[in-house]
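# Next come a sequence and a model predicted from it.
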Amino acid sequence: MLQLLTFLVEKLSILSKFKLFEPSWSDAEDEDLQRHTNSCPTPALRRGDLLEVPRTLFTHYGIYLGDKKVAHLIPDILPVFTSDQKLINTVITNKRLIVGCMYRCATVRVDTIEDFAYGSSILVNRMDKMMKSQALPNEEVAKRAEKLIGGIAYSLLWNNCEHFVTYCRYGSAASRQTEKFCDCLKSIIRDQRSVIVTSFLGLISIISFGLVPATTLPTILIPFTLWMAG
């Protein structure tokens with residue numbers, strides 16, 4: 001089962017071209033950012049800077065602590081089974097990350113900037129111009145991040161890496177990626193064509209597996225719920 005989940009996550013990389021979980025920047029800002037990324041190296045980092053790197057389906061965030069170290073929140077199941085810090089501090093694999101998401105276990109950990117970037121370009125403090133709140137002093141940002149190092153409850157939508165960095169830098173946790181995902185989900189629910197699609201899939205399940213409660217109830221309840229919500 002775990003290997004199947006890992007396979008699905010890796011193959012879902014095709015969705016990255018749609019940028020469903022990326023923050024919604026304007027086209028002009030994206031073009032300026034692309035030119036800046038292509039023409040300029042990563043600027044000098046200051047302790048307390050907010051760093052972000054693109055991943056396959058989302059953007060990952062961290063707080064720079066100085067000395068080429070980054071604090072970031074990342075799902076990880078290993079601390080549940082061992083207290084061996086040497087083992088825990090190894091680079092988190094996809095399997096550790098996926099199981100951590102499933103069991104809602106995460107850690108705020110400190111990694112080298114190379115491990116944090118994982119080969120991607122690093123963007124610095126790009127969120128400052130998008131947030132309504134002013135950034136806190138950099139030293140205070142870093143100290144807030146350091147206080148949270150260790151195990152922490154995880155939620156993909158309500159307590160992820162973006163919530164961690166916005167709490168540290170702006171004083172309140174927020175996630176533009178979560179907001180965009182919820183907006184996308186709302187648009188799907190409001191689109192009445194989703195009722196037709198779910199009804200059709202339900203009928204296929206009844207034809208394939210027979211007229212039983214496990215197939216009949218979802219066929220009726222899910223389209224009805226979507227219809228009422230729309």
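All right, it came through fine. Numbers count the residues shown, from 1 in each chain.

# The closest residue to residue 157 other than its chain neighbours: neighbouring residues, count only.
Nearest residue to residue 157, sequence neighbours excluded (CB to CB, 6 or more residues apart in numbering): residue 178, at 5.0 Å. Quick note: C-beta positions are derived from backbone N, CA and C, even for glycine. Applying other CB atoms under 10 Å, we find 18 residues neighbouring residue 178.

# pLDDT score for residue 178?
You'll see residue 178 listed with a pLDDT of 75.

# Can you give me the buried ones in the helix or strand containing it?
Assigned by DSSP states H and E, residue 178 belongs to helix 176-190. If you call a residue buried by 16 or more other CB atoms under 10 Å, then helix 176-190 has these buried ones: 176, 177, 178, 180, 181, 189.

# one step back: just confirm the residue nearest to residue 157 contacts residue 159, I think it does.
No: when contacts are counted by CB atoms under 8 Å, residue 178 is not listed as touching residue 159 (9.8 Å).

# Name the spans of the protein whose pLDDT lies under the cut-off.
1-43, 185, 188-190, 192, 195, 224-230 (pLDDT under 70).

# mind listing the helices for it?
2-11, 27-39, 78-81, 85-88, 94-102, 113-117, 138-147, 161-170, 176-190, 193-209, 213-229 (DSSP state H).

# which one of those is the most hemmed in?
Burial of the helices of the chain is given as mean neighbour count (mean count of other CB atoms under 10 Å); helix 161-170 ranks first at a mean of 23.

# quick one: the residue nearest in space to the middle of the chain and residue 120, what's the gap?
By CA atoms, centre = their mean, the chain has its centre lying nearest to residue 58, at 5.3 Å. Separation of residue 58 from residue 120 (CB to CB, to the nearest Å): 12 Å.

# re the thing from before, which strands and helices lie in contact with the helix holding residue 178?
Where contact means 3 or more CB pairs under 8 Å, 6 or more residues apart in numbering; DSSP states H and E, helix 176-190 is packed against helix 161-170, helix 213-229.

# Would you mind pulling the contact partners of stretch 168-181?
Contact partners of stretch 168-181, identified using CB atoms under 8 Å, 6 or more residues apart in numbering, comprise 20-24, 48, 50, 58-59, 63, 127, 130-131, 133-136, 141-142, 144-145, 148, 157-160, 162-164, 166-167.

# Actually, stretch 82-89.
Contact with stretch 82-89 is made by 76, 78, 79, 107, 109, as judged by CB under 8 Å, 6+ apart.

# What residue spans form the domains of the chain?
For the chain, automatic domain parsing gives the domain ranges 2-174, 191-229.

# ok, back up a step: quick one, which of the helices of the chain is nearest to residue 69?
helix 113-117 (7.1 Å; CB to CB).

# Quick one: distance of the closest one to the chain centre.
Computed by CA atoms, centre = their mean, to the nearest Å, the chain-centroid distance of helix 113-117 equals 17 Å.

# Residue 154 touches residue 80, doesn't it?
No: between residue 154 and residue 80 there is no contact under CB under 8 Å: 11.7 Å.

# End to end on stretch 102-121, go ahead and measure it.
End-to-end span of stretch 102-121 (CA to CA, to the nearest Å): 28 Å.

# which residues touch that stretch?
Counting by CB under 8 Å, 6+ apart, stretch 102-121 makes contact with 5, 37, 42, 45, 51, 53-55, 60, 62, 64-65, 68-77, 79-80, 88-89, 91, 100, 122, 145, 148-155, 159, 164, all of which sit outside it.
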